[in-house]
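Provided below are the primary sequence and the corresponding predicted coordinates.
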Amino acid sequence: EAILTCYGRIATAHAIDALLEHTGDDRPHVRTTAIAALGASQSAAGEPKLVEVAEKMGDPDQSTAVSALGTLGSDTAVAELTKLARGDNFDLATSAITALGSASSDEATAAIHALIDAPDPRIAAAALGVIDSVDGPLLGRLGQIIKSGDPRLVSAAIGALAKAGEPALPTLRTAATIGGHAERATAVNAIGEIGGAKAVAVLGELLATAEPYTSRAAARALAALGGKDARELLFNAAMSERGASSGALAVVAELQGDDVDQALLAVLKSGSSDDREVALPRLVKAGNPEAFQLALKLARDGSRSDKAVAVRTLAEAGTPQAADALIQLASKGYGDVRERALRALVQSQPGNPMVTQLLRDSLTSGQRDQATTAASLLGQIGSDAARQALLAALGAKDTRVSQAAVAALGNFAGNDQVKTALLAAAKDNPEIRQRVMGELVQSGDPEGLKLAQAAVAGDDPDIARQALWMLATANTADSEALFASALGNKQSAIRAAAVEAMSRNSDEKTTETLVRMMNDSDADVRQAALSTLGRVGSERAASVLMSAAQSGKPEDRVAAVSSLAMLDSPQAGSQLARLMRDPDASVAQAAIGAAYNAGPEADQALASLVNDAGTAADVKAMAASQLRMRGNQLDATTEANVIKLVGGDGESYGGIVVHRR
C-alpha cells in the first residue's frame, strides 16, 4: 500500500500501469490504495478506470473512486462528478459534491454554483457546504436564500457567507436576528469566523440589543476572538442592566485578569440578584474577602433565591474558609438555609465528624421535618457513626422519624446489626413494620418474605395489599408461592389485592392467572381481574376483555368495557362503538364513558345516539357530553342536538363545564 501511494506521486506511465493493474487486486486494502493513488497521479490515463468504479453501484471502492476523481480535478472528472451529483442516489450525490469541492478548477466551481439551484434541497445544501469563496453575484444569491426562510437551506447559506468576508456582515447581521435559534447561532458563528474590527463591532451591537439567545452567542464569539475591543465590549455589556440576561457577565466571569475581579465586585455591589448569581461564585472561589462576606450575609438575610445561591456558592468554592462557613450555617442557621448547608456538607465533606454530629443533633431535635431530613442524609454518609445514629432513631416516639430511619438504613443492606435492629423494630412497632418489610423485601432478605407472608396471612387487607405490591417486584419463586396463597385466601379483599398487584408482571403466566380469577365467586375479585387485564394489555388480554364485554353478568361486562379503554387497539375502539347500543343501559353507558380514546367509529356511534329519538335520555345526554369532550367537528344536525343536551362549548351542564379538547 505504501509503495502504491508512492507510485501515485511518481505518476510515470509505468507507475500508472502498475496502479491500473492493482485495481484488480483481490486484497481489498491494496485495491483501495491503488484507486486513490490514480486520483493523486493527476494522470488522464487513470480517468476511465476511476469513472468505471465511480459508476458501479455496490462496488466497495465506489466512494474512493469518487473522491479520487475530485483529487484528479480534470474536465472529464468534473463532468462525471456533476453527473453523479445530479443522480438519484443521495449518498453518492453528496460524495460527488464533496469531491467537486476538492477539485480546484473553474469548471468545478461553476458546477457547484449550479447545484445550489438543485430541486432537491438536500443537494443544494450540500453544494452550499463546499463553497470555498463567494463573489458578488453569489453573495446576492445567498442573501436571497436566507430571505426565503427555507430551514433546509438557510443554515447552509449562512455558513457559506462566512467565506465572503466583510461584505457579508450586513446580511449576517440580519440573519442573526431572524429565524430560529439554530440559524441565529450559525449567523453569529459566521460573523466570528470572519473576524476583524467590523465583525467585532457587529457582535458588540448584537450583544447590546439582540434577544438573549443571540446575545449569548455573540458574547461567546467575542470571547473567542479576543483583543482589546472585544474585551471592552464584553465588560461594558457585563456592567449593564443586561449583564446576566445577555450572557456577557457569565463570559466575563470565565476570563482572567485583575480587571475581571474588579468588574465582578462592582456587579456584586450594584447588580441584580441574577447578576450576583453569576459573579459571586468566581470571586468566592478566588478567596475575595468582600465576596465571601457578601455570600455569608446573603445566606443569612437574603431572599429565598439569594440564600440558595449563597449556600451553593460556598459549597462549590471548595476552600477551608467556605467549609467553615457552611458548618456555621448548619449549626446556627434554621429553616431552608440550615438544610441546604447540611446537604452541601454531606456532598462535600461526608467524612467530617462534625457533619455527622450536626445530623445526630437534628435527628433528636424533636422537629419532625428536621429529623427526617437528617435521617436521609445520615443514610447517604454511610459511616459507622451514621449507622449507629439511625439505629438509635428506630425507637423514636414520632413514627415518621422512625420510618425515615428505616428507609435510610436501607443503605446498609447486608449488615447483620442493622437487620437485627430492623426486625426488632418491626416486632415491637407495628406502625413501621410495613416499612421494614419493604426494605428487607427489596434487598432480597428472606426475613422480608417472612414478614410479607405474615401480612398476607393476616386479617388486614390494606397491609396485605402493601405486602403483595412489594412482592410483585421481587418476582422470585417464593414470591410466586405467596401470590398463589393470596389468590386462594378466604378474604375476597386479599384475593382482589393480589390480582391488582399482578399488573406489575405482564407475562403469559400472569395473564392466564388473571383469566382464571375472572371466574371468582366475588364480584370485586372478578372486576379487579378484568381491570388488571386492561393494564397488562397483551394480545391475549385484549381478546379476553373483548369477549367478556359481550356476555356475562352486567357488573362484569361493565368492568370489561372500562378496561377496553386502556387498550391501544382499533378492535377495542370498534367494540366500544358497538356496545354503545347494548340493551343493558349500564353497559352502554360504560362504553360511552370509555370512548374518550377510541377512533372515528366512536364518533359515528355517539352521533347516532344523539340524533336517534329512540335513545334513552340519560344515554343520549352522556353521548352528547362525550362528543363535546372529544372536540371533533360535528355536522350541523349533531351540533344542534349536542347544544340542546349539554350546551355550547364551555357551557355548564349539571354543574360541570364541558370544553372541546
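That came through fine.

so how many other residues sit close to Leu645?
18 (other C-beta atoms under 10 Å). Placement of C-beta: from N, CA and C, glycine included.

quick one: contacts for it?
Contacts for Leu645 were tallied using C-beta atoms under 8 Å, 6 or more residues apart in numbering; they are Val610, Lys620, Ala621, Ala624, Ser625, Tyr653.

surely it is within a helix?
Yes. Judged by DSSP: H, G, I helix; E, B strand; the rest coil, Leu645 forms part of a helix.

quick thing: my sequence starts at 22, can you match it?
Will do, 22 is the new start, and the previous item becomes Leu666.

quick one: buried ones out of the contacts of Leu666?
Among these, those classed as buried by neighbour count (16 or more other C-beta atoms under 10 Å) are Val631, Lys641, Ala642, Ala645, Ser646.

any chance of the residues you listed in CSV, with pLDDT too?
Listed next are the buried ones among the contacts of Leu666 as CSV, based on pLDDT from 0 to 100:
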residue, pLDDT
Val631, 87
Lys641, 87
Ala642, 90
Ala645, 90
Ser646, 88
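
which residues touch Asp633?
Asp633 neighbours (C-beta under 8 Å, 6+ apart): Lys641.

show me which of the buried ones among the contacts of Leu666 is closest to Asp437.
Checking the buried ones among the contacts of Leu666 against Asp437 with C-beta to C-beta, the nearest one is Ser646 at 61.4 Å.

so the closest one, which of the three states?
What three-state DSSP gives for Ser646 is helix.

likewise Ala428?
Going by three-state DSSP: Ala428 is helix.

thinking it is in contact with Arg456, fair?
Yes. Shown here, Ala428 and Arg456 form a contact pair, counting by C-beta atoms under 8 Å, at 6.6 Å.

more neighbours: which of those two?
Taking neighbours as other C-beta under 10 Å, Ala428 and Arg456 compare with Arg456 leading, 23 against 19.

go ahead and list the helix or strand containing that one.
Taking DSSP states H and E as the definition, Arg456 sits inside helix 454-463.

quick check: what element follows that helix along the chain?
Heading C-terminal from helix 454-463, the first helix or strand you meet, by DSSP H and E, is helix 467-478.

buried residues in that following helix?
Glu468, Gly469, Leu470, Leu472, Ala473, Gln474, Ala476, Val477.

between these, which is closest to Ala351?
Gly469 (35.2 Å).

surely the closest one touches Ala475?
No. The criterion here is C-beta under 8 Å, and Gly469 misses it with Ala475 at 10.9 Å.

what about the strands in the stretch 572-682 of the chain?
Counting by DSSP state E, counting those that start in this stretch, one finds strands in the stretch 572-682 of the chain at the ranges 673-674, 677-678.

which stretches of the stretch 122-271 of the chain form helices?
Ranges of helices in the stretch 122-271 of the chain, per DSSP state H, counting those that start in this stretch, are 127-136, 142-150, 157-169, 172-182, 190-196, 202-215, 218-230, 233-246, 249-259, 269-274.

what's the third one packed up against?
Spelled out, that is helix 157-169. Helix 157-169 is packed against helix 172-182, helix 190-196, with contacts defined by 3 or more C-beta pairs under 8 Å, 6 or more residues apart in numbering; DSSP states H and E.

dump it to PDB, restricted to CA.
Written as PDB, here are the backbone C-alpha positions of helix 157-169 (Å, rounded to 0.1, in the frame of the first residue of the first chain):
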ATOM      1  CA  GLY A 157     -20.600  39.500  -5.500                       C
ATOM      2  CA  PRO A 158     -23.200  37.600  -7.600                       C
ATOM      3  CA  LEU A 159     -23.100  34.600  -5.300                       C
ATOM      4  CA  LEU A 160     -23.300  36.900  -2.200                       C
ATOM      5  CA  GLY A 161     -26.600  38.100  -3.600                       C
ATOM      6  CA  ARG A 162     -27.900  34.600  -4.200                       C
ATOM      7  CA  LEU A 163     -27.100  33.600  -0.700                       C
ATOM      8  CA  GLY A 164     -28.900  36.600   0.600                       C
ATOM      9  CA  GLN A 165     -32.000  35.600  -1.300                       C
ATOM     10  CA  ILE A 166     -31.800  32.000   0.000                       C
ATOM     11  CA  ILE A 167     -31.700  33.400   3.600                       C
ATOM     12  CA  LYS A 168     -34.700  35.600   3.000                       C
ATOM     13  CA  SER A 169     -36.600  32.600   1.600                       C
END
